[in-house]
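[1] build me a structure from this.
(chains A and B)
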Amino acid sequence: MPGSLDLETRKITRLALLGSDYRGVNPELLCQAGDEVRAGSAVMRDARRPAIQVVAPRSGIVSKVERGSRRKLVALHIDVDDTLAASEFTRPASMEKEAQREFMLGTGIWSSLRTRPFGNIPDPAAEPAALFITALDAEPLAPQPALIIDAYAPEFSAAVNSLASISDAPLYLCHASDYRPPYDESSGAISAVFDGGYSAGLPGVHIQALCPIGFAGGEVWHIGYQEVIALGHLLLHGKPWLQRVISLGGDAVNDPRCLLVAAGAAIDDLLAGEVCDGPVQMQLGSVYGRPLEPGPAYLAAGQRQLTVMKRAAAEASSEESAVGALIPGDWLEALAPPGIFPVPLLRALQLGDAERARELGALELVEEDLAALSSACVSNSDYGLLLRRVLDQLEAAR
Amino acid sequence: MRANDGRRRIFKLQLLALLPVTLAAILNSGYQYLGGIAAAPASGGDDLRGQLARGLASSFENPGLYDYFAAGLAHLLPMLLLAVLVGGLWERIIAERCRRPIEPSFVLIALLFTLLLPGAASFTHIIFGMTCAILLGKGIFGGDGKSFLSPALLGVAIVQVSFAGASGTHPLWSGVAGYAGSDAFALYHRGGEAALAQADINLWSAFFGAIPGPLGTTSLLAVALGAAVLLLTRVIAWRLLAAQAIGLIVIASLVNWMGAETGIGSMPAYWHLLLGSFAFGAVFLGCDPVASACTNPGRWIQGFLIAALVMLIRVANPIHPDAVIPALLLASILAPLIDHAVIAWSIKQRARRHV
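    Got it, this is the predicted structure:
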């Protein structure tokens, strides 16, 4: 097996594809409960643009299709069965733009691309103003991209070549100063170094610095380094990469480390025997991440870490968790993405003033960019949620 | 839960930062009071606070540290208690009418308010000022963080305007210009450093705070300790504080350079920093996160504006009072406008981008 990482592989029995991960598409299912699916075979596609497909991360049996209000897809559950072989793909015939895009669409990797503004899956016919590869991760306790990319250096390099050819826009490879990912200089990718605190790893920060979004209606695309490796794996081996690296951290985890798991894995499976006794708080992402509701949960697309913290037994009373006034302290400045005035933006979001939020740079942001501000602000507001409301309004108005 | 913890944390830090200032205020008011009594035994001091001081202190003739502390406490404590009581009463009434929990910030407001008054302030004026502070500075806006003014600042400003002529024969009224702050600027204007020296004001006594003035504003050392707490925990914005300090030094030097030989125009920058309530006002009122600009460029502009206003009033006004309170109030009122301009400029920048 080429490109192997010296990490423990966690066996997963169940996984799910979450409808909320695929923004901007109207999913049409290509399978039913009880169907057998192979890793890499399409399980749903966009009803409007059928070229956009979402593929199964592992082979198995579709166990349940969970739908919410207005028959909106909540999750597609799959019982993993690794005895079934994965789908195989033929490599793209040429380095032409059309051939490369077709390959990405056919293998489902296209659905790992995200747009800014709005964080949607991009339209297959659209042209971005720039393309960003996020090859650094500055969140606390996150896996080290250097280890993972080095283990899959040929795959990463092949994928960078491919991504450089899918559009005429500049391709920025964003990385930390102490690690330069291996890639082919002739591909035309531009290396961009980002250092600093927690926010240095956020695509919103890279976009702000290299190709800021104004009011002209343009968009940029970005993709995470693990998805880039997945693309490279398909290009070099013709088979999907079945693993993702996820770091398990927090003070309630007995043995914090990185694990190889399937994308979309059930968190119960993942945490079996890992967490100490007593009340805990699970967060998708780092300590700034979104707290996980009780009940069955699954890794979201592009998720790179899971944090489990010990929690005081006392529950917050309703009075204490009420939303209060924002205190515009100086501590918010350090947590805001550069180029954004945090306090005016947060106030606009609290008021639901979409126009003002757009003027203050909301189009460059998605939920994750405001996670640290939400946890540091004394007002108890979930600014990620408020931002999404505003973005939905702005998107509807386009 | 974490949000309320956050608010409580800020509240505790602000109280902690005021601790050195309060201690300095107690010691200095005791020192000033006993000094005044010794110089003129007949001068006032037989009110409630004077009697309390007599009861607490062991010796008026040969005072030690304890006597200074006791005499100071006898003056500060009744004022503070009354301010807390009045503030708490209004806070409770508002909380009940608005069906919200009582916000503990009224204690902080009462402390700030008390520290900005002279030690002999009238109880009636305290009741009036605290009422205005809680009702107009906080209550009508809906509570903590929703006002655009610092309530304590507003209360003091109203007292200052309403009772401009207030003073008396009490020892703690000497050396202060009513509620408006220190007399030291007028002294300097008339007689330069010699006049200050005659009033026992030198660099060291001003730095440690052994000079007449409103209770909490005399000691630069104590204010600096408080500022360190607030800066290290990032409760206040260092840019705003730096802008005020740099602005004052730059403008004072400019005024010196332009040139009066004598009078207030020749007063060097360090005296402007040491005398009056500029340091206290800059740290605890000017940098109030709720009542100041909330963008970084706005913070620089507001800081320079405060410094410029303070200098303008100090130099251009023939009576030469302290000028800090009206300058801070004006800058606080202008802060949203400053932010508005900064944001409008930034939006223009954003619109110029290509994507």
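[2] give me the neighbour count for the residue of the stretch 51-200 of chain A found nearest chain B.
    Of all residues in the stretch 51-200 of chain A, A:A129 sits closest to chain B, at 4.4 Å by C-beta to the nearest C-beta. (Glycine included, C-beta is placed from N, CA and C.) By other C-beta atoms under 10 Å in any protein chain shown, the residues close to A:A129 number 19.
[3] can you check A:E185 too?
    Using other C-beta under 10 Å, A:E185 has 7 neighbouring residues.
[4] do you know how far the most centrally placed residue in chain A is from A:A372?
    The centroid of chain A falls nearest to A:G302 when counting by C-alpha atoms, centre = their mean (3.2 Å). The gap separating A:G302 from A:A372 is 18 Å, by C-beta to C-beta, to the nearest Å.
[5] all helices for the chain, in order.
    Assuming you mean chain A. Under the criterion DSSP state H, chain A contains helices at A:97-107, A:145-151, A:153-165, A:203-210, A:225-237, A:267-271, A:331-335, A:342-351, A:354-359, A:371-376, A:383-396.
[6] wait, chain B was what I had in mind.
    Going by DSSP H, chain B shows helices at B:2-39, B:48-56, B:65-98, B:105-115, B:123-137, B:151-162, B:184-198, B:203-208, B:220-232, B:238-258, B:269-274, B:278-280, B:296-316, B:324-351.
[7] A:G197: neighbour count?
    By other C-beta under 10 Å, neighbour count at A:G197 equals 11.
[8] hang on, the earlier thing: backbone dihedrals for the residue nearest to the centre of chain A, please?
    Taking degrees, to the nearest 10, you get phi 80, psi 10 for the backbone angles of A:G302.
[9] what residues are up against it?
    A:D21, A:S112, A:G224, A:Q226, A:E227 (C-beta atoms under 8 Å, 6 or more residues apart in numbering or on different chains).
[10] if I look at it, how far off is chain B?
    23 Å (C-beta to the nearest C-beta, to the nearest Å).
[11] thinking again about what came up before, per-residue pLDDT, the residue of the stretch 51-200 of chain A closest to chain B?
    pLDDT, A:A129: 91.
[12] one more: the one 4 residues further on?
    At A:I133 the predicted local distance difference test score is 94.
[13] what does A:D277 give?
    83.
[14] that one: neighbouring residues, count only.
    6.
[15] one more: A:A99?
    A:A99: 16 neighbours (other C-beta under 10 Å).
[16] does it touch A:T90 like I think?
    No: the criterion here is C-beta atoms under 8 Å, and A:A99 misses it with A:T90 at 11.0 Å.
[17] who's in contact with B:P336?
    B:F148.
[18] how about a cut-off of 10 Å?
    With contact taken as C-beta atoms under 10 Å, 6 or more residues apart in numbering or on different chains, B:P336 is in contact with B:F148, B:A291, B:A293, B:C294, B:G298.
[19] just these that are near chain A?
    B:A291, B:A293, B:C294, B:G298 (C-beta under 10 Å from any C-beta of the partner chain).
[20] neighbour-wise, which one of the residues you listed leads?
    So for these (other C-beta under 10 Å), the most neighbours sit at B:A293, 31 neighbours.
[21] what about it, distance to A:A42?
    From B:A293 to A:A42 the distance is 54 Å (C-beta to C-beta).
[22] how many other residues sit next to the nearest residue to A:P117 once chain neighbours are set aside?
    The shortest distance from A:P117 to any non-neighbouring residue, by C-beta to C-beta, 6 or more residues apart in numbering or on different chains, is to A:L363 (3.7 Å). Other residues within reach of A:L363, judged by other C-beta under 10 Å, total 26.
[23] which one of the ones next to chain A among the contacts of B:P336 is nearest to chain A?
    Out of those, the member with the shortest distance to chain A (by C-beta to the nearest C-beta) is B:C294, at 3.8 Å.
[24] quick one: that closest one and A:S375, what's the gap?
    For B:C294, the distance to A:S375 - C-beta to C-beta - is 19 Å.
[25] so what's A:E315 scoring on pLDDT?
    Confidence score, pLDDT, at A:E315: 49.
[26] the one 5 residues further on now?
    Listed pLDDT for A:E320 reads 50.
[27] surely B:G139 touches B:P151?
    Yes: at 8.8 Å, B:G139 counts as touching B:P151 under the criterion of C-beta atoms under 10 Å.
[28] low-confidence regions, the chain specifically.
    This is for chain A. Low-confidence segments of chain A, defined by pLDDT under 70: A:1-4, A:312-322.
[29] that's the wrong chain, I wanted chain B
    Using pLDDT under 70, the flagged stretches of chain B are B:1-4, B:42-46, B:354-355.
[30] wait, what's in contact with the residue of the stretch 51-200 of chain A closest to chain B?
    A:116, A:167, A:169-170, A:207, A:211-213, A:216, A:218-221, B:354-355.
[31] and stretch A:26-36, which residues are buried?
    For stretch A:26-36, burial by neighbour count (16 or more other C-beta atoms under 10 Å in any protein chain shown) applies to A:P27, A:L29, A:L30, A:C31.
[32] next: stretch B:247-260.
    B:G247, B:L248, B:I249, B:I251, B:A252, B:V255.
[33] can you lay out those as CSV showing distance to A:A56?
    Output for the buried residues of stretch B:247-260, formatted as CSV (distance: C-beta to C-beta, whole Å):
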residue, distance to A:A56
B:G247, 64
B:L248, 68
B:I249, 68
B:I251, 70
B:A252, 73
B:V255, 76
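[34] run through the residues you listed and flag the ones next to chain A.
    Answer for those near chain A: none qualify (C-beta under 10 Å from any C-beta).
[35] farthest pair in those residues?
    Greatest spacing in those, by C-beta to C-beta: B:G247 and B:V255 (12.3 Å).
[36] joint contacts of those two?
    B:M311.
[37] quick revisit: nearest to chain A, of the buried residues of stretch B:247-260?
    B:G247 (18.3 Å).
[38] show me what contacts that closest one?
    B:282, B:300-311.
[39] nearest to B:V161, of these?
    Distances from B:V161 to the contacts of B:G247, taken by C-beta to C-beta, are shortest for B:L309, at 16.2 Å.
[40] let me know whether that closest one touches B:S332 as I believe.
    No: with contact defined as C-beta under 10 Å, B:L309 and B:S332 do not form a contacting pair (11.1 Å).
[41] pick the most buried one from the helices of chain B.
    Among the helices of chain B, helix B:278-280 has the highest mean neighbour count (mean count of other C-beta atoms under 10 Å in any protein chain shown), at a mean of 29.
[42] tell me which other helices or strands that helix touches.
    helix B:2-39, helix B:220-232, helix B:238-258, helix B:269-274, helix B:296-316, helix B:324-351 (3 or more C-beta pairs under 10 Å, 6 or more residues apart in numbering or on different chains; DSSP states H and E).
[43] how far off centre is stretch A:205-222?
    Relative to its parent chain, stretch A:205-222 has a centroid offset of 18 Å by C-alpha atoms, centre = their mean, to the nearest Å.
[44] flag every residue of the stretch 51-200 of chain A that's near chain B.
    So the stretch 51-200 of chain A meets chain B at A:R116, A:P117, A:P128, A:A129, A:A130, A:A169 (C-beta under 10 Å from any C-beta).
[45] wait, which of those is closest to A:H233?
    A:P128 (23.3 Å).
[46] thought that closest one was touching A:P117?
    No: at 11.8 Å, A:P128 does not count as touching A:P117 under the criterion of C-beta under 10 Å.
[47] the residue of the stretch 51-200 of chain B found nearest chain A: neighbour count?
    Going by C-beta to the nearest C-beta, chain A is nearest to B:G145 of the stretch 51-200 of chain B, at 3.1 Å. For B:G145, the neighbour count with other C-beta under 10 Å is 20.
[48] next one: A:Y183
    25.
[49] in space, what's closest to it - neighbours in sequence excluded?
    A:V160 (4.3 Å).
[50] tell me the contacts of the one you found?
    A:133, A:135, A:171, A:173, A:181-184, A:187-189, A:228, A:231-232.
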